[in-house]
Structures are given as structure tokens and as C-alpha cells.
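A.B. asks: Build the 3D model from these lines:
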Amino acid sequence: MSAAEPPSEPVAAPGGDRPHRTVEEVLLGTGRVWTRRETAERAGVRPERTVQIWRALGFPTVDDDARVFTDGDVEALRAGERLIEAGVITEENETMMARALGHHLSRLAEWQVHTLWTWMEHRSDDPGAGELMGYAAKLLPEIELMQRHVWRRHLAAYADRLTADARERAAPPPEGAAGRRAEPAGPAPGGGPRGAGDGDVRDRAVGFTDMVGYTRMTRGLDAFELARVLDRFESLTGDVVAEGRGRVVKTIGDEVFFVCESASDAAGIGLELTARSEAEAGLPQVRTGLARGAVLSRYGDVYGAAVNIAARLTAVARPGTVLVDTECAAGLAGTPAYDLTPLRPVSVRGYSRLRPVLLRRPKTPPRGDARPR
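C.D. replies: This is a model prediction of the structure:
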């Protein structure tokens, strides 16, 4: 039997909801056997902590005497307690970490189940829970293997970046060197030491790129056509940001939010997104706003004044253009690969006199490779 075939005799289950429970048992490893209080006692945590973690993961509240928890839930709580005992995280950090995991993994799970079900519908006129159970049992190990590998690759990439930053901070700057160096986060509010969940504050460049006229365009598209446009936009922006040494923070419908270590990287990404979208049939024009400054990275998201400024610049940018703030422009000044044109101040939400700078490639490319390195 191939990996894409379910067991020839899927488990038959009496009772109306038995197939549902069988699918859960395949996915969760065991059935739902413990109440909240029993789970707390077995894990060695306070009952109210189980309520906090469960809600943070994004699951609805359940009655205290309902048997909805599994051995896996108990082990996960125990793992969190071990991290707290080791001093790696605090109880507050654990709740925030659970919220971040629930937010990101719930979206991934929804997509995976939908993809599997859609594939099954193409193979069967009437797919049922038993068939779903069979495919889940065969494919779950493959999905877990892939996810674990990608997760470890990202762990390695971030660990390498962190150690490189530490070496850079430890090394004395060359005599007469100018420019900014990434700074570690300062003390936590109140003057105490920062905890594991307080985030990382450093100078970065951030950018937003959105599709112009997206709302008007979607009125004439059916669901399938809209999905194709969104898939193409996400693929294009993801490729360009990765090639430009940036990171996609998140994609929200018609807009992508990304972060870079330098203004030069962000500028290259912004201009390349404009060029590729114009060459892409079926995609509308895009516009981009870039800003640079101290930003807080926390649980996969990024916050700070630079984020707000980049969003405001995107909103006022013309189709097919890239606007940067004065901080970002200062980091690009003197670079022959860019042409910077200050524009009149604009009044936007939160900023009465925001000074945009138009970023373009020079009409006459500099000698050598025109792209920033």
C-alpha cells in the first residue's frame, strides 16, 4: 500500500460521533480522558493555570468536569513547568508563548485539513470520517517530519544571526567608522532585568507593500480567481523578501509586512517588488513604504514607531512607487544605486508633518552592478 492510500479496512465505529473521536485519537494519540482538575493534578500546576493556557491556545472554555483533556495535554503542561523551573520563561511568558503558538499553528492546521479534505473530495464522491482517519494516520508522520525540519532550520538561522550580532557588538568598531550598530534591548520597564518574553529591541528597517485597487479588483473575481491572485502575490513577495535578506513578518490579505537588518536591504526589496509586480500578468501595481528605527521584535511580530511610519507612507504612496522616511533615506544617502527625492510633508494619522522621500533607481545606472549589496 502506498503512502497516499488509506488502510484497506478503516476502523468502523458504532455511534453517531464515534468516527469523530477516532480521527481525534489518531491525531492526538489518545482519547479525551481527563477533566481540568485531573489534568492540573497530574501536571502539577494550579487549575487556573490550565484555564489560562487553554484560552491562550485559542480553544473555547470547557466545564471543569468535562473529560476533554489527553495525556498529551498533561505532558505539554509538564514541559512548560520544567521551562519555568529552569528560569527560561515565567508564567506570564508561558501564556504569551501559548498565545503565539496557538495563533500561528491554528492557521497552519486549518490550511492543512482543508487541503487534505479537498484532495479527498477529488478522489471520492463522498469522503467520510473513516477515510479521513486513514489518510491522517498515513500522512501525519510525513507532515510532522517536514514541519520539524523547517522549524529546526529556522532555529539554526536565528541562532546564527544572534551569535553574529553578539560578535559584532563585542568587536571594537573600526576607527572612524560611521553608521549604526544593532543594540541589545535595555532594561525592562521599571528598571528590572528583561525576561524571556520581553522581546528584542534593535535598529531595523521595516516595510509594507500592498496591491493598489485590491478592493475594486476583487468585486469582479470569483473565489477561485481571488485565491490565485493572493497565492501569486504571496509567492512573489515571499521570494523577493527572502532573496533580499529580509523576513516576512506577516501577510494580511493584499498587504505584506517585512523587516530587514539594513535600509539598503529594505530599499532593494521595495524596488524589486515594484519591478516584478509590473512584469507579472494578472497582478495589480503595488506601492511600498519603508522606515527605519528602533523596533521591538516579540513572539514573531514587530512593533514600534518605524512600523507605524512605514504603514502611513504606504497609504500615501502612488501606484508603482516606493516612499521612505528620513531615517531610512539617511541610511541610503550617497549610495549610487538609489535616487532619493524629498517630497512635501504630508499629514497622516498620528503624524502632522511626515516627510516622505521618493526612492527610485537612478536613470543612469552606476558603473558595475546597480543592485545594492
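
A.B. asks: need the next SSE after the longest helix belonging to the chain, C-terminal direction.
C.D. replies: Longest helix in the chain, counting residues (DSSP state H): helix 129-170. Proceeding N to C from helix 129-170, the next assigned helix or strand is strand 200-211, under DSSP states H and E.

A.B. asks: for that following strand, which positions count as buried?
C.D. replies: Of the residues in strand 200-211, 200-211 count as buried by neighbour count, 16 or more other C-beta atoms under 10 Å. For every residue, glycine as well, the C-beta is placed using N, CA and C.

A.B. asks: what about F224, neighbour count?
C.D. replies: 7 (other C-beta atoms under 10 Å).

A.B. asks: And what about it, helix, strand or coil?
C.D. replies: helix (DSSP: H, G, I helix; E, B strand; the rest coil).

A.B. asks: got a list of what it touches?
C.D. replies: Residues near F224 by C-beta atoms under 8 Å, 6 or more residues apart in numbering: none.

A.B. asks: before we move on, back to that, can you give me the offset of the longest helix of the chain from its chain's centre?
C.D. replies: Computed by C-alpha atoms, centre = their mean, to the nearest Å, the chain-centroid distance of helix 129-170 equals 14 Å.

A.B. asks: tell me the angle of that helix relative to strand 200-211?
C.D. replies: Between helix 129-170 and strand 200-211, the angle comes out at 120 degrees (axes from the mean of the first three to the mean of the last three C-alpha atoms, to 10 degrees).

A.B. asks: what about D254, how many residues close to it?
C.D. replies: D254 has 19 nearby residues by other C-beta under 10 Å.

A.B. asks: Give the phi and psi angles for the nearest residue in space to it that is not next to it in sequence, as a check.
C.D. replies: Among residues not flanking D254 along the chain, Y214 sits closest, at 3.8 Å (C-beta to C-beta, 6 or more residues apart in numbering). When read as degrees, to the nearest 10, the backbone of Y214 gives phi -60, psi -50.

A.B. asks: neighbours around Y214, how many?
C.D. replies: Neighbour tally, Y214, other C-beta under 10 Å: 17.

A.B. asks: any idea how far V88 is from it?
C.D. replies: 42 Å (C-beta to C-beta, to the nearest Å).

A.B. asks: now do P141
C.D. replies: From P141 over to V88 (counting by C-beta to C-beta), the distance is 29 Å.

A.B. asks: ditto for F224
C.D. replies: 46 Å.

A.B. asks: Packing partners of the helix or strand hosting G72?
C.D. replies: G72 belongs to helix 71-85 when assigned by DSSP H and E. Counting by 3 or more C-beta pairs under 8 Å, 6 or more residues apart in numbering; DSSP states H and E, the packing neighbours recorded for helix 71-85 are helix 36-43, helix 47-56, helix 91-123.

A.B. asks: L296 looks like it's in a strand, true?
C.D. replies: Yes - read with three-state DSSP, L296 is one of the residues of a strand.

A.B. asks: That one bridge partners, please.
C.D. replies: V201, Y303 (DSSP bridges).

A.B. asks: one step back: tabulate the buried residues of strand 200-211 (CSV), appending distance to M120.
C.D. replies: Shown next, in CSV, are the buried residues of strand 200-211 (distance: C-beta to C-beta, whole Å):
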residue, distance to M120
D200, 43
V201, 47
R202, 46
D203, 49
R204, 43
A205, 44
V206, 41
G207, 40
F208, 38
T209, 36
D210, 35
M211, 33
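
A.B. asks: quick one: which of those is nearest to E272?
C.D. replies: T209 (10.3 Å; C-beta to C-beta).

A.B. asks: Can you get me a residue count around the closest residue to the closest one other than its chain neighbours?
C.D. replies: Nearest residue to T209, sequence neighbours excluded (C-beta to C-beta, 6+ apart): T288, at 4.4 Å. By other C-beta under 10 Å, 29 other residues sit near T288.

A.B. asks: so what secondary structure elements neighbour the helix or strand where T288 lies?
C.D. replies: Take DSSP H and E as the rule and T288 turns out to sit in strand 286-298. Packing partners of strand 286-298 (3+ C-beta pairs under 8 Å, 6+ apart): strand 200-211, helix 263-279, strand 301-303, helix 305-316, strand 322-324, helix 326-332.

A.B. asks: Just name the most buried of these.
C.D. replies: Of all these, strand 322-324 has the most neighbours on average by mean count of other C-beta atoms under 10 Å, namely a mean of 29.

A.B. asks: Can you list the neighbours in contact with that one?
C.D. replies: 263, 267, 270-271, 274, 287-291, 313-314, 316-317, 332, 340, 343, 356-360.

A.B. asks: same check, this time on stretch 41-55
C.D. replies: 34, 36-37, 39-40, 61-62, 64, 74, 77-78, 80-81, 91, 94-95, 98.

A.B. asks: same thing with stretch 81-88?
C.D. replies: Contacts of stretch 81-88 (C-beta under 8 Å, 6+ apart): 43-45, 89-91, 94, 196.
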